[in-house]
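**Student:** pasted the sequence and its predicted model underneath.
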Amino acid sequence: MGEVLLEGELAHEETFLIGNESAPFSGTISESNQLKTGTPIYFNGNDPVGLFKDDELIDVIGHFNNDEDFAKEETKL
């Protein structure tokens, strides 16, 4: 399991995009606020990605303890 440590604040309805710098398309890279490779950016489509604040789960993409391919072969910008 990998982690990306973040700090600061986002205004209401503001977004922060962490992009995979190894992505085969430039749109993600040019739109990203931060670039990273490896975990947690690279996953096979069934790994949940959680957003935590002070060890409290704030949001999650996917499902913990479930091997469903919820995001296999998916790219959303």
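**Tutor:** Everything's here; your move.

**Student:** identify the residues contacting Phe70.
**Tutor:** Gly45, Asn46, Ile61, Gly62, His63 (Cβ atoms under 8 Å, 6 or more residues apart in numbering). No exception for glycine: its C-beta is placed from N, CA and C like everyone else's.

**Student:** at 7 Å instead, please
**Tutor:** Taking Cβ atoms under 7 Å, 6 or more residues apart in numbering, we find Phe70 in contact with Gly45, Asn46, Gly62, His63.

**Student:** look up how far Pro48 lies from it.
**Tutor:** Using Cβ to Cβ, to the nearest Å, one obtains 8 Å as the distance from Phe70 to Pro48.

**Student:** between those two, which contacts overlap?
**Tutor:** Counting by Cβ under 7 Å, 6+ apart, the common neighbours of Phe70 and Pro48 are Gly62, His63.

**Student:** before we move on, back to that, out of the contacts of Phe70, which end up buried?
**Tutor:** Gly62 (16 or more other Cβ atoms under 10 Å).

**Student:** does Val60 count as helix, strand or coil?
**Tutor:** strand (DSSP: H, G, I helix; E, B strand; the rest coil).

**Student:** repeat for Phe52
**Tutor:** The three-state label for Phe52, taken from three-state DSSP, comes out as strand.

**Student:** I'd say it and Ile58 touch.
**Tutor:** Yes. Contact status for Phe52 versus Ile58: in contact at 6.3 Å, counting by Cβ atoms under 7 Å.

**Student:** just for the chain, where's the confidence low?
**Tutor:** Scanning the chain for pLDDT under 70 picks out 1, 25-28, 39-44, 67, 73-77.
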